[in-house]
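> Predicted model, plus sequence, below.
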Amino acid sequence: MNELRARQKAFIEALPANQWNGTRAAVAAGYSPKSAAVMAHRLLRNPKIAAELDKRTAQVAEKADVEVGEIIVALRTIAFGARATNADRLRALDLLGRYKAMFSDRHVIENGERQRELDEAERREAVILAKLRLHTA
C-alpha cells in the first residue's frame, strides 16, 4: 500500500468490516460523517485504492476457493454418513438434488387436459425419504 495516507489505509481496512458500505467505512476511517458519502465515492474511484482492494479481494477469493467436487463430496458425506442428524441429511440430499436438477415445477399437457406431475415439494420428499430408507436399511 505504498503512497497511501493513513486515513486511506484505514478506509481500506474498514471497508470489509463494514459490509463494503463505503460511507460507514469512511466514518470508521476518521472522515467526517457529513462528508463520508462523498469521500467514500472519491476514495473508491482512486486508482491506488481500487488496486489495493482488488488485490485483497483476489487474495481472499484464492483462500476461499472451493471446487464443486469438494462440495459434492462433503454433501455426500453428510447425506450418507453415520454421524449426521436426519435434518442434516435431508438438507444435504436436498442440495444434492438441486445440483443435479432433479426437482422442477413443471406440468404435462395431454389432450387439452392438464395433468399435474408431482409438484416440487412432493417429489423432493419422495426422493429424500427413499434415500433415507436405503441408507438406514
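Cool, got the structure. The structure displayed is predicted, hence computed values, not measured ones.
> Can you get me a residue count around Phe80?
When neighbours are defined as other C-beta atoms under 10 Å, Phe80 has 15 of them. C-beta coordinates here come from the backbone N, C-alpha and C atoms, glycine included.
> buried set for the helix or strand harbouring Ile49?
Applying DSSP states H and E as the criterion places Ile49 in helix 47-63. The neighbour-count criterion (16 or more other C-beta atoms under 10 Å) identifies 49, 52-53 as the buried residues of helix 47-63.
> And stretch 81-99, by the same measure?
By neighbour count with 16+ other C-beta under 10 Å, stretch 81-99 contains the buried residues 84, 89-94, 96-97.
> What lies in contact with that stretch?
72, 75-76, 78-80, 103, 124, 127-128, 131-132, 135 (C-beta atoms under 8 Å, 6 or more residues apart in numbering).
> Near Phe103, how many other residues are there?
16.
> Pretty sure it sits against Ile128.
No. At 10.3 Å, Phe103 does not count as touching Ile128 under the criterion of C-beta atoms under 8 Å.
> re the thing from before, return the member of the buried residues of stretch 81-99 nearest to Leu43.
The shortest gap between Leu43 and any of those belongs to Arg91, at 41.1 Å (C-beta to C-beta).
> So the closest one versus Phe11, what's the distance?
39 Å (C-beta to C-beta, to the nearest Å).
> Kindly report the same for Glu125.
Glu125 is 50 Å from Phe11, where distance means C-beta to C-beta.
> and Asp105, what pLDDT?
Looking at Asp105, its pLDDT is 60.
> Ok, Arg89 next?
Per-residue pLDDT puts Arg89 at 90.
> Same check on Glu110?
So Glu110 comes in at 54 (pLDDT).
> do the one 4 residues further on as well
The pLDDT attached to Arg114 in the predicted structure is 45.
> What of Met102?
As summarised for this prediction, Met102 has a pLDDT of 78.
> lowest-confidence helix or strand of the chain?
Of all helical and strand segments in the chain, the minimum by mean pLDDT, DSSP states H and E falls on strand 113-116, at a mean of 46.
> Tell me which stretches of the chain form strands.
Taking DSSP state E, the strands of the chain run over residues 107-110, 113-116.
> for Gln19, phi and psi?
Here is the backbone geometry of Gln19 (degrees, to the nearest 10): phi 50, psi 40.
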